[in-house]
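Undergrad: predicted structure and sequence below. I'll ask about it afterward.
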Amino acid sequence: MMARIFLGVVIAAGIYLLLRAVLAKKPLSLKQFFSIYVAILLIIGLIGLGLTGRLHPITASLGVGLTVLTRALPMLMRMFQAVNLWRTLKAALGMASAQRGPKSGNHSEVDSHYLRMRLDHDSGELDGTILAGRFTGETLSSLTLDALLAFREEIEEDEASCQLLDTFLDRYHDWQEQAPSSNAGNLTTQEAEAILGLTPPYDRAAVIAAHRKLMQRHHPDRGGNHEFAARLNAAKDQILNEC
């Protein structure tokens, strides 16, 4: 056992010295050098396990781990993207608060699948252009709160876009604190269509079906939001009264 450990240390030291000599003239950082060194050690270790017949159990474990990682990778990538976009925009907002100098034309942009957010550092104004979905081409500042909430429902599976939209809503709308009845009864037909996701032409059956589908997901008894449920009901009533 001790002989194997000693042999492993000797091999690792030999590879280290050889690698230093080979890469001496390369402009590598310490981190890059050790990344290459560790990768080479792993490859040699796998070759050694393969030659001694001990690789099969490790390969099976790696296979299971890779399967789990492959399935979780899309979700992890979306989470990392959301966090990075969130930090970028928050940092830009902080810079805008601190920088009120004479410079003009200074701005930051952050993109996601559904949104391109733009922050003016001089004025501190934040706005966004919608890149996909039924509100494509619209700016966030041009939409009513009802339309913005409807847009949020449309993009709820894209965490990065939701983070950006929530930043805008937190900055300009008291959207999480509004009473359910505050705007629910004062909808225009266009706002009601946006909430239910309807595009003319449609009939009464389509209105009822759209309302039912959304209520199944957002009813308060199923963990939904009271405010949005009230807006759904008001939107249905508004459109049915016009039909």
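TA: Looks like it came in fine.
Undergrad: burial count for Glu157?
TA: Number of residues near Glu157 (other CB atoms under 10 Å) recorded here: 8. (Each C-beta comes from the backbone N, C-alpha and C, glycine too.)
Undergrad: what's the answer for the one 5 residues further on, then?
TA: Residues lying near Cys162 (other CB under 10 Å) number 18.
Undergrad: ok but it is inside a helix, no?
TA: Yes: counting by DSSP: H, G, I helix; E, B strand; the rest coil, Cys162 is part of a helix.
Undergrad: quick check: it touching Ile155?
TA: Yes: counting by CB atoms under 8 Å, Cys162 touches Ile155, with 6.1 Å between them.
Undergrad: quick one: Gly137 and Asp158, what's the gap?
TA: Between Gly137 and Asp158 the distance, using CB to CB, to the nearest Å, works out to 18 Å.
Undergrad: more crowded one of the two?
TA: Neighbours were tallied for Gly137 and for Asp158 using other CB under 10 Å; the higher tally belongs to Asp158 (20 against 8).
Undergrad: and that one, what pLDDT?
TA: The score at Asp158 is 83. That number is its pLDDT.
Undergrad: excluding its backbone neighbours, what's nearest it?
TA: Leaving aside its sequence neighbours, Asp158 sits nearest to His113 (CB to CB, 6 or more residues apart in numbering; 5.4 Å).
Undergrad: shouldn't that neighbour be within a strand?
TA: No: the assignment for His113 by three-state DSSP gives coil, which leaves it out of any strand.
Undergrad: ok, now how distant is it from Thr129?
TA: On the measure of CB to CB, His113 and Thr129 end up 13 Å apart.
Undergrad: between those two, which has more neighbouring residues?
TA: Per other CB under 10 Å, whichever of His113 and Thr129 has more neighbours is Thr129, with 19 against 13.
Undergrad: wait, is the more buried one part of a strand?
TA: Yes: note on Thr129: a strand contains this position according to three-state DSSP.
Undergrad: bridged to it, which residues?
TA: Taking DSSP bridges as the rule, Thr129 bridges to Arg116, Thr139.
Undergrad: any idea how far Gly197 is from it?
TA: For Thr129, the distance to Gly197 (CB to CB) stands at 20 Å.
Undergrad: next one: Phe228
TA: Phe228 sits 13 Å away from Gly197, going by CB to CB.
Undergrad: name the residues that touch stretch 150-157?
TA: Outside stretch 150-157, the residues within contact range by CB atoms under 8 Å, 6 or more residues apart in numbering are 113-114, 130, 133-135, 143, 161-162, 165-166, 169, 194-197, 214, 218, 228.
Undergrad: which intervals of this structure have sub-threshold pLDDT?
TA: For the chain, applying pLDDT under 70 flags the ranges 1, 26-28, 53-106, 121-124, 173-186, 220-226, 243.
Undergrad: excluding its backbone neighbours, what's nearest Ala147?
TA: Ala194 (4.5 Å).
Undergrad: which SSE is the one you found in?
TA: Element membership for Ala194 (DSSP states H and E) is helix 189-196.
Undergrad: ok, back up a step: backbone dihedrals for the residue nearest to Asp158, please?
TA: Phi and psi for His113, reported as degrees, to the nearest 10, are phi -60, psi -40.
Undergrad: right, and it touches Ser161 too?
TA: Yes: between His113 and Ser161 there is a contact under CB under 8 Å: 5.8 Å.
Undergrad: am I right that Glu156 sits in a helix?
TA: No: the assignment for Glu156 by three-state DSSP gives coil, which leaves it out of any helix.
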